[in-house]
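Novice: here's a sequence, model it:
(one chain, ligands or ions: 2)
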Amino acid sequence: MYKSFFHLHSTPFADSPDPRFLVRMPQTREALSTLEYGISAHKGFIVLTGEVGTGKTTLLRSALASFDPGRVFSSFVFNPRLDILDFLEFILADFGIVPQARTKSGMLIQLNRWLIERFRCGESSVIVIDEAQNLSWDQLEEIRLLTNLETPTRKLVQIILSGQPELEEKLTAPNLRQLRQRIALWARIHAIADTEASTYIAQRLLVAGSSDRIFPDDAVAAIFRASRGIPRIINLICEQALILAYVEQLHQIPAPLILAVVRDLNLDQLPFMASSSHTGPPTSVALPSLKHPQREEGGEER
Ligand SMILES: Nc1ncnc2c1ncn2[C@@H]1O[C@H](COP(=O)(O)OP(=O)(O)O)[C@@H](O)[C@H]1O
Ligand SMILES: [Mg+2]
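Specialist: Ligands and ions are numbered 1, 2, ... in the order given. Below is the predicted model:
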């Protein structure tokens with residue numbers, strides 16, 4: 001409803017992982033290049049971790065979108081709370097394979113044949129598992145076994161596990177030692193820095209069609225404080241602020257309006273607001289660390 005008022009052709013702060021809106025901040029670029037490198041170099045496992053709302057799904061979608069879909073085939077599992085048969089069936093279906101038999105061995109044989117065919121044609125296959133912190137131990141073991149599908153020279157399928165920091169904890173469990181040894185690349189993303197907030201907001205507005213300075217500096221500062229730099233919360237505040245500003249017929253959004261939105265959304269009550277003392281830029285930038293595949297348990301770099 002506010003789009004024409006602000007000269008926008010699309011919604012600038014929708015909560016969707018749309019690669020068109022990706023703002024390439026330094027940590028975004030690093031994580032993206034880790035994912036893209038992992039896919040193109042056929043590394044075993046790649047892990048992407050970050051807090052809720054920091055941009056993991058958007059990064060995964062953006063990484064896949066940078067490849068030719070006729071050369072790099074992908075299956076994107078967004079709900080890993082499936083039993084193993086449903087899980088395999090979902091992957092097959094996403095790759096466009098019709099399962100001939102709904103048995104684990106039958107589907108694995110079919111998947112293997114299809115992957116070999118892709119390999120022969122010089123094509124790649126990627127399985128992305130989002131929200132991977134929800135995977136059960138059994139599923140993680142089954143997923144590890146998928147990387148046994150290989151030729152003498154390379155893996156037939158690239159697997160990306162993406163999830164919240166609990167995933168990182170889960171992967172340190174002793175029973176996942178074998179899987180952990182196969183993690184070739186690890187990317188981490190964090191909340192954005194206060195100095196990045198205005199670029200983030202301005203770029204999303206630009207993609208949506210407006211180069212107007214709708215959010216002045218003091219409004220951006222208020223948004224950053226309330227969101228702690230979590231992009232999803234920045235989006236939520238900005239979206240509500242645009243609606244309210246439209247109702248009030250304001251072309252520029254004053255900081256008090258942001259404070260009103262933050263109160264209305266109860267963001268000043270959220271636990272992360274009370275517990276975190278982190279006000280500045282991320283304490284460490286997502287340095288995708290190249291993991292030694294044979295690194296022993298407990299020896300990972302963090
Ligand atoms: N680097 C970024 N550039 C633009 N928008 C981003 C970026 N990171 C996150 N977002 C936005 O924040 C919201 C949450 O991102 P999402 O990828 O769903 O987070 P996660 O999967 O980590 O919970 C989405 O609307 C997304 O577009
Ligand atoms: Mg997500």
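
Novice: and stretch 242-250, how far out from the chain middle?
Specialist: 31 Å (CA atoms, centre = their mean, to the nearest Å).

Novice: what comes up buried for it?
Specialist: 242, 244-246 (16 or more other CB atoms under 10 Å). Every C-beta, even on glycine, is put in place using the N, C-alpha and C of the backbone.

Novice: quick check: of these, which lies closest to Ala219?
Specialist: Set against Ala219, the nearest of the buried residues of stretch 242-250 by CB to CB is Ala245 (9.8 Å).

Novice: give me the nearest residue to that closest one, chain neighbours excluded.
Specialist: Ile253 (4.9 Å; CB to CB, 6 or more residues apart in numbering).

Novice: so what's the one you found up against?
Specialist: Counting by CB atoms under 8 Å, 6 or more residues apart in numbering, Ile253 makes contact with 214-216, 219, 241-242, 245.

Novice: do the same with Leu167
Specialist: 47, 49, 132-133, 161.

Novice: go on, Ala219?
Specialist: By CB under 8 Å, 6+ apart, the contact set of Ala219 is 241, 253-255, 257-258.

Novice: what pLDDT does it get?
Specialist: Reading off the confidence values, Ala219 has pLDDT 98.

Novice: and it, what helix or strand is that in?
Specialist: Ala219 belongs to helix 217-227 when assigned by DSSP states H and E.

Novice: quick one: buried residues of that helix?
Specialist: Quick answer for helix 217-227 (16+ other CB under 10 Å): 219-227.

Novice: now it - C-alpha only, CSV.
Specialist: Only the C-alpha atoms of helix 217-227 are listed here, as CSV (Å, rounded to 0.1, in the frame of the first residue of the first chain):
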residue,chain,number,x,y,z
ASP,A,217,21.0,8.5,10.1
ASP,A,218,19.3,8.7,13.5
ALA,A,219,16.5,6.4,12.3
VAL,A,220,19.1,3.9,11.1
ALA,A,221,20.9,4.1,14.4
ALA,A,222,17.7,3.4,16.2
ILE,A,223,17.0,0.4,13.9
PHE,A,224,20.4,-1.0,14.5
ARG,A,225,20.1,-0.7,18.3
ALA,A,226,16.8,-2.4,18.4
SER,A,227,17.7,-5.2,15.9
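
Novice: quick check: which element contains the closest residue to ligand 2 within the chain?
Specialist: Of all residues in the chain, the one sitting closest to ligand 2 is Thr57 (3.3 Å; CB to the ion). Assigned by DSSP H and E, Thr57 belongs to helix 56-65.

Novice: same check, this time on Leu185
Specialist: Per DSSP H and E: strand 183-189 holds Leu185.

Novice: quick one: buried residues of whatever helix or strand comes next after that strand?
Specialist: Once strand 183-189 ends, the next helix or strand along the chain (criterion: DSSP H and E) is helix 194-207. Of all the residues in helix 194-207, those buried under the rule 16+ other CB under 10 Å are 194, 196-198, 200-205, 207.

Novice: quick one: helix 194-207 to helix 217-227, angle?
Specialist: 110 degrees (axes from the mean of the first three to the mean of the last three CA atoms, to 10 degrees).

Novice: what is helix 194-207 packed up against?
Specialist: Packing partners of helix 194-207 (3 or more CB pairs under 8 Å, 6 or more residues apart in numbering; DSSP states H and E): helix 217-227, helix 231-247.

Novice: neighbours of the closest residue to ligand 1 within the stretch 51-200 of the chain, how many?
Specialist: For the stretch 51-200 of the chain, the residue closest to ligand 1 is Gly55, as judged by CB to the nearest ligand atom, at 2.5 Å. Residues lying near Gly55 (other CB atoms under 10 Å) number 25.

Novice: tell me the contacts of it?
Specialist: So Gly55 contacts 17, 22, 28, 189, 231 (CB under 8 Å, 6+ apart).

Novice: show me which residues of this protein are close to ligand 1?
Specialist: Selection of the chain residues close to ligand 1 by CB under 6 Å from any ligand atom yields 15-18, 21-23, 28, 50, 52-58, 231-232, 235.
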